[in-house]
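S.K.: sequence plus predicted model, see below.
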Amino acid sequence: MLANNFKKSLLAVNVGLVLGASVSGMAYAADENQVKEDVEVIEVRGIRRSLEAAINTKRFANSVVDAVSAEDVGKFPDSDVGEALGRISGVSVGRQFGQGQQVSIRGASAQLTRTLLNGHTVASTNWYDQQAIDRSFNYSLMPSEMVGGIDVYKSSQADLPEGGVGGVIIVKSRKPLDLDANTIYGSVKFDYGSVSEAWDPEVSGLYSWKNEDENFGALVALSRKDTEYQRRGTETILSWGGAVAPSVFKQDRERTAANIALQYTPTEELEFGLNYTSLDLQADNINSSLFLFSQGADAARWIPFGDKYSNGGVTENPVDGPLGNMPECQAKNVAGICVKSTLDELAGGSWGQTWVRDAEMNSKTLEVNGKYSGDGFVVDGRIGTTKSEGGTNFTAAQRNGIGVASDFAGLYDASGKEYIVNTAVKSWTHEDFVGDLDLPGWSIRSQPNTDEEDFVQGNVKFFVDFGAITSIKTGFSFAEHTVEEKTFWPNPRVAAENVIAGTPGDLYLDSQLQLGQGFLFPEANYDALLARAKSGLGEWELLRSGYGTIEEENFAAYVMAEFEAEGIRGNFGLRYIKTDAESDFYAVDFDGIAKGQYAAGGALEGYQAYETSLSTEKASYNDVLPSINIVFDLSEDLILRTSAAQVIARPNYANMFARQEQNGYNDDIEGNEVLSKGSPALRPFKATQADLSLEWYYDSSALLSFTYFIKDISNFTTAALVQDQKLGIIDNFGNDNWTLSTQKNATGGKIEGFELQWQNSFDSGFGYVANYTFVDAAAEKENYADLVPEFSDSSKHTVNLVGYYEGDDFTVRAAYNWRSEYMIREGAKFYGNRMHDDYGTLDLSATYTLTDSIGLTLEVVNLLEEDSIQYGAAPTEASVKDELKNNYPAWSFEGERRIIAGVNFRF
């Protein structure tokens, strides 16, 4: 199919365009060449030189660009690529699992940031079954040692790949002909986590060679890091007996990364390149929780509502529930839910539960590129493929009662942003379990994902003399993208016959893990839990509700003119985009449900109440995106920059699946069933945006700037939730009560704000970087199920403060990053839509040069151990679960300090 469409693309180019080849990141190559022509090339060897290189990139670009440059091979400003991006004004980083994973720019969601490696897409899948498949890139996969620099494009231009409403990030790997012959780099690091209390090793190495004629080179880079990561916190599930759950997530991460690059320049005019990148992450994990029922286990699923108790807090006419020894409320929130109580004794005990997951993800990319410089023109291009496989290969929960009622008497306080709980007993071993552990069949799943893209890009640049117009560029890109997600479950009639005994002493170790708030819980034996869960598998059966594919073909073509005259420069152009998308899925068999075809097997048959043949939904759209960038060189040091463009970001893949997926069906929580459906017909997120900035470069390493920006949103995607729907599918409580979650196009909204940047270096070796971003990202509340009138991932205030000293042999840096509260939206997934509290981290780093070739490094990340606090921001009438309403403390996770110490060498 790629070949056929490639021929169509070539025909289109022959008719309307001149065939070209892709720039390395398209826009980035042009700007990089311009910098090389207009300014001296800086040899980057220290913090100050690194900042000067980044300033040069910004200063001489025609669009709004910020950059991060490595000080040298292996000397990236931060050990985490995501954290390094977080130092840039207007950029915010999400750290859901301890590292900078996703990046949002200027108040737009992280899913609206497009990340490219050397100018092309990198396929990516998630290892976690509670994360949706989206278009974002997981930066924790990319070792900083393999990165030479990063460019962040906040404005658009016609030759820049579409897809980033927030912005486009181009990660640049190293090229062998740019390095000295026989460059050797290596490092050994140890990473200590204050929660895991373990030293984790990391080894990286790079070798770059080129021949005597310096026209052929090869580079190999490898990195391996093993991490024992732990996350402690407290989670709440109000509809399950007012449950509060101190928890621990423990993951053994094994990250392996490799990069091979070849370059060949047979003549001065001709250049060829090959780049292969492999990123692998094994992410096996356990997740243990102690469920404490603040209304008593005998009253599970009943919560205080006014002066009475209601089933899940959602009934319009509350009735008395099975009270047991229900607590007296000391305080209630605006919804009438008890938020603070003291229990003398619960009506029952607690549940101890552990999820075990065999999880992984990988990404492999191969691309071949070429460039030819002729008389008055330059042609360059690339063709390649990228594929990712991953997901949760196997997951299951095992649990049972633990302790006795009197153990859980104590304080249950949900009146603040964190749920505080303190009980009579806080230490538990496997001997405290009440009998063997249960293995619920509904929890056993396998969810493998694949993400694949074949791509070809090309452009040609003609140097002309049409007055102020100095060049005309034109080109195209075509990509065929395929996403597939499968979900398997074991046939329960077979599984029950084969499950081996679940003796707590066989499934847990004698050691303990610390949960949130100081609770101690028996440490799970990963291998034993996994083996027991797999013993009952029987035959895997495709869960038709969890199967979906997306096939997307994206074609783009552009024409752009660059101009330059006395005191003015820039570009203007048009970009045409066309997308064809389709999704295969199994539809709900409503006719069969009505005829009772699925009733014989009981409630579990509802899982397979789907047609046995695939259905397909198709859609297509196209658009023309204009852009203009104008730079006024008011003086040698003062620049006025302005830009305007229309930009789009295609919907997330998770939202495009046309399948009708069941979530929460037949688990332990009544009224938790959700049927989710997306559509390939969703229109892309679209905005008309403009920038205006004044930049003063008052020294070679100094910058003071102010930027105003605005994005007028004409379309975006959001979820609509409709509760209390009957489908004819009965759960294990005998109910037919579903929430329908559908994706829809929404209109209206505006992102507006400004950035302040100030940085300088002094001859004394001292220097600083400071920036502040204000964003007002307002949207109509009716566009969201949570009724919160804010775009996702948008913080109103973001601050970065960096101070450093650089001597001949010693450097030290302190960096503080802070962002105000922001909404995280995961729709029908377990964590749902919630507000993340303001978050700030202080990081320290130092280097010491022993010799010209050997150096020592020390880095401290999150020195102050800032916690991650998340709470419900929705009003009472919103269509979300109760713990996501009225500032109820939904989740909190303890901050971890990381200390990274290492030695590196370079020859």
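M.R.: Received, thanks.
S.K.: can you tell me the centre-most residue of this structure?
M.R.: A centroid search over the chain (CA atoms, centre = their mean) returns Q102, at 3.7 Å, as the residue closest to the centre.
S.K.: quick check: that residue vs S79, distance?
M.R.: Using CB to CB, to the nearest Å, we find Q102 at a distance of 18 Å from S79. The way it works is simple: take the backbone N, C-alpha and C, and place the C-beta from them, glycine included.
S.K.: ok, P504 next?
M.R.: P504 is 40 Å from S79, by CB to CB.
S.K.: how about L179?
M.R.: In this structure, L179 and S79 are 21 Å apart, going by CB to CB.
S.K.: comparing those two, which shows the higher neighbour count?
M.R.: Higher neighbour count among L179 and S79: S79, with 23 against 19, using other CB atoms under 10 Å.
S.K.: quick one, phi/psi of the more buried one?
M.R.: Per-residue torsions, S79: phi -70, psi -20 (degrees, to the nearest 10).
S.K.: sec struct for Y412, please.
M.R.: strand (DSSP: H, G, I helix; E, B strand; the rest coil).
S.K.: now do the one 4 residues further on
M.R.: Per three-state DSSP, the local secondary structure of G416 is coil.
S.K.: what does D584 give?
M.R.: For D584, the assignment made with three-state DSSP gives strand.
S.K.: ok, Y139 - how many residues close by?
M.R.: Per other CB under 10 Å, the neighbour tally for Y139 reads 25.
S.K.: now S144
M.R.: Quick note: S144 (other CB under 10 Å) scores 21 neighbours.
S.K.: and what of the one 5 residues further on?
M.R.: The number of residues packed around G149, counting by other CB under 10 Å, is 21.
S.K.: surely it meets N56?
M.R.: No - look at G149 against N56 with CB atoms under 8 Å: they stay out of range, at 11.4 Å.
S.K.: measure the residue located most distally from the centre of the chain to A644 for me?
M.R.: Within the chain, the residue lying farthest from the chain centre (CA atoms, centre = their mean) is G467, at 45.9 Å. Here the criterion is CB to CB. By it, G467 lies 22 Å from A644.
S.K.: and what of G390?
M.R.: In terms of CB to CB, G390 sits 39 Å off from A644.
S.K.: between these two, who's got more neighbours?
M.R.: Neighbour count, other CB under 10 Å: between G390 and A644, G390 has more, with 25 against 18.
S.K.: contacts only, for that one.
M.R.: Residues counted as contacts of G390 (CB atoms under 8 Å, 6 or more residues apart in numbering) are T125, N126, W127, L281, A359, E360, M361, N362, P448, N449.
S.K.: same check, this time on G596
M.R.: Contacts for G596 (CB under 8 Å, 6+ apart) come out as none.
S.K.: regarding it, what is its secondary structure?
M.R.: Strictly by three-state DSSP, G596 counts as coil.
S.K.: would you map the strands across the stretch 351-500 of the chain?
M.R.: Ranges of strands in the stretch 351-500 of the chain, per DSSP state E, counting those that start in this stretch, are 377-402, 410-413, 420-423, 445-466, 469-485, 488-490.
S.K.: which stretch among those strands comes nearest Y508?
M.R.: strand 377-402 (9.8 Å; CB to CB).
S.K.: what are the buried residues along that closest one?
M.R.: Using 16 or more other CB atoms under 10 Å as the test for burial, strand 377-402 gives 377-402.
S.K.: before we move on, back to that, which pair in the contacts of G390 spans the largest distance?
M.R.: Between all members of those, the farthest pair (by CB to CB) comes out as L281 and P448, at 14.6 Å.
S.K.: who's more crowded, those two?
M.R.: A direct count of neighbours by other CB under 10 Å for L281 and P448 places L281 higher, at 20 against 17.
S.K.: and the more buried one, which helix or strand is it part of?
M.R.: Taking DSSP states H and E as the criterion, L281 maps to strand 270-293.
S.K.: and the angle for that strand with strand 377-402?
M.R.: Strand 270-293 and strand 377-402 are oriented at 20 degrees to each other (axes from the mean of the first three to the mean of the last three CA atoms, to 10 degrees).
S.K.: please state the offset of stretch 378-392 from the chain centre?
M.R.: Using CA atoms, centre = their mean, to the nearest Å, the mean C-alpha position of stretch 378-392 is found 19 Å from that of the whole chain.
S.K.: again, but for stretch 134-149
M.R.: With CA atoms, centre = their mean, you get 11 Å for stretch 134-149.
S.K.: could you tell me how many residues sit around K225?
M.R.: 20.
S.K.: give me the distance between it and Y598.
M.R.: Relative to Y598, and taking CB to CB, K225 is found at 48 Å.
S.K.: same thing with T487?
M.R.: T487 is 18 Å from Y598, by CB to CB.
S.K.: what's the answer for K154, then?
M.R.: Applying CB to CB, the value for K154 to Y598 is 53 Å.
S.K.: what of A874?
M.R.: From A874 to Y598 the distance is 34 Å (CB to CB).
S.K.: the two - which one has more neighbours?
M.R.: Taking neighbours as other CB under 10 Å, A874 and Y598 compare with A874 leading, 26 against 21.
S.K.: so S583 makes contact with P680?
M.R.: Yes - if you go by CB under 8 Å, S583 and P680 touch, sitting 4.5 Å apart.
S.K.: overlap in contacts of those two?
M.R.: I550, E617, M656, A658.
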